[in-house]
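Undergrad: Next comes the sequence, and after it the predicted model I'd like to discuss.
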Amino acid sequence: MRALAWHGKHDVRMDTVDDPAIVNPRDCIIKVTSTAICGSDLHLYDGYIPTMQAGDVLGHEFMGEVVEVGAKSTLKKGQRVVVPFTIACGSCYHCGKHQYSACPNGLPADNQDIARELYGHEMSGLFGYSHMTGGYAGGQAEYVRVPFSDVGPIVIPDGVEDDKVLFLSDILPTGWQAAEYAEIEPGDTVAVWGCGPVGLFAVQSAFLMGAERVIAIDHFPTRLALAKRFGAETINFEETATYEALMEMTGGIGPDAVIDAVGLEAHGLFVDNVIDQVKATLMLGTDRPHSIRQAIIACRKGGRVSMPAVYGGFVDKFPLGAFMEKGLTLKTGQTHVQHYMPALLNAIMEGKIDTTFLISHRMDLEQAPEGYKMFHDQQNEVTKIVLKPGMGAAAI
């Protein structure tokens with residue numbers, strides 16, 4: 001089959017690789033009908049995530065048709081399913097608490113020591129996202145093996161087009177969980193750093209959860225315009241000092257809740273961020289955490305900090321004193337996708353949540369290397385790329 005494989009920093013290629021096969025009785029094989037390039041994939045593209053190996057198949061946002069099932073799979077051939085990017089067993093201690101992204105059984109035993117050394121515990125398994133998260137082949141391919149298929153995938157009703165439901169695999173639940181972790185109360189003002197896909201879904205979710213005002217912060221005009229479509233006020237950090245603007249907009253109090261949807265590759269010519277970029281280039285640091293620093297400083301006393309953004313390692317210059325003195329709370333983590341999928345699917349079917357607004361480009365799977373470069377280099381013009389096997393070489 002054809003699949004997109006990682007071969008090094010800024011080097012992804014369409015390769016011919018072995019077709020997947022049933023390994024365990026709870027597995028299924030799906031024929032991919034739609035898959036997307038995620039902002040987190042760009043961390044792999046930029047070489048920030050360790051334990052990648054040449055030939056690893058990428059992609060963790062995908063859906064398709066079931067073509068083969070193991071003896072204990074609850075799925076049936078011919079069903080259309082969306083697959084969560086987290087791999088969870090459904091029966092362990094953490095799955096019992098609906099903490100699916102903390103499931104240790106989704107991670108093969110020989111991969112668990114890598115994460116333990118970095119983070120103290122093993123991570124959950126993830127599709128297409130390094131050997132630290134299991135080394136699983138991802139979904140930017142024609143076919144994918146899906147472990148624990150009796151727990152993860154959600155069946156999509158007939159007649160519902162892929163574009164409406166594809167983002168149930170990751171970014172829609174991630175944006176929803178981000179807003180939920182902000183513990184939004186009616187009348188709240190919420191500030192969201194980053195108007196990429198997760199940030200935009202967090203904006204939409206915050207309003208649905210009762211926020212009175214949402215302030216979206218970015219520097220790409222197209223993304224800020226999308227945030228305005230949902231009623232958000234906006235700050236372009238290249239034109240306006242963010243902290244000062246937030247204080248003015250909130251009467252000097254600060255936002256009730258803040259959401260960092262930027263993560264380890266923050267942009268901007270800020271003193272701390274420039275230092276972080278230099279340290280990362282010299283291998284003296286891993287992340288560029290400007291956004292979470294700024295969010296903590298801006299949040300009101302007694303406020304809430306939600307951090308759906310991906311960070312990979314250790315950070316310095318963290319405003320721990322401000323965090324403590326202001327009495328803030330922080331919630332973060334990989335998304336418990338399986339927990340949110342059913343309710344969010346219902347919300348899509350009822351017309352309460354729109355997802356298709358985000359798609360700027362649809363491309364054939366064979367154009368995936370071009371898509372990665374476009375997404376990396378043209379983030380004002382490219383908000384989301386959906387790849388479709390067999391579509392033909394015509395991007396729109």
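TA: Sure thing, it's come through.

Undergrad: Please work out which residues outside the helix or strand harbouring Leu4 touch it.
TA: Assigned by DSSP states H and E, Leu4 belongs to strand 2-8. Residues from elsewhere that reach strand 2-8 (Cβ atoms under 8 Å, 6 or more residues apart in numbering): 12-17, 44, 47, 52-59, 137-138, 140-142, 365-366, 368-369, 389. From N, CA and C alone the C-beta is placed, and that goes for glycine too.

Undergrad: Leu358 - how many residues pack around it?
TA: 22 (other Cβ atoms under 10 Å).

Undergrad: leaving aside the residues next to it on the chain, what's closest to Val315?
TA: Pro289 (4.5 Å; Cβ to Cβ, 6 or more residues apart in numbering).

Undergrad: distance of that neighbour from Asp15?
TA: 34 Å (Cβ to Cβ, to the nearest Å).

Undergrad: Check which element follows the strand holding Leu4 along the chain.
TA: Following strand 2-8 toward the C-terminus (DSSP H and E): strand 11-16.

Undergrad: pLDDT below threshold where in the stretch 151-300 of the chain?
TA: 264-288 (pLDDT under 70).

Undergrad: all strands for it, in order.
TA: 154-155, 189-193, 213-218, 233-236, 257-260 (DSSP state E, counting those that start in this stretch).

Undergrad: and Met123, what element?
TA: Here Met123 is assigned to no helix or strand, by DSSP H and E.

Undergrad: hang on, isn't it packed against His131?
TA: No: using Cβ atoms under 8 Å, Met123 is not in contact with His131; the gap is 11.0 Å.

Undergrad: So between the two, which is more surrounded?
TA: Met123 (25 against 17).

Undergrad: Tell me the residue in this structure that is farthest from the middle.
TA: Gly251 (32.8 Å; Cα atoms, centre = their mean).

Undergrad: Could you report the separation of it from Met14?
TA: Taken as Cβ to Cβ, the span from Gly251 to Met14 is 54 Å.

Undergrad: rewinding a little: tell me which of the strands of the stretch 151-300 of the chain approaches Thr383 most closely.
TA: strand 213-218 (11.2 Å; Cβ to Cβ).

Undergrad: strand partners of the closest one, parallel vs antiparallel please.
TA: strand 189-193 (parallel), strand 233-236 (parallel) (DSSP bridges).

Undergrad: Count the neighbours of the closest residue to Val258 other than its chain neighbours for me.
TA: Leaving aside its sequence neighbours, Val258 sits nearest to Ala295 (Cβ to Cβ, 6+ apart; 4.1 Å). By other Cβ under 10 Å, 31 other residues sit near Ala295.

Undergrad: Also Phe318?
TA: Phe318 is flanked by 13 other residues according to other Cβ under 10 Å.

Undergrad: Would you state the helices of the protein in chain order?
TA: 39-45, 93-96, 112-119, 162-165, 171-181, 197-208, 221-229, 242-249, 271-281, 290-298, 320-325, 337-349, 368-377 (DSSP state H).
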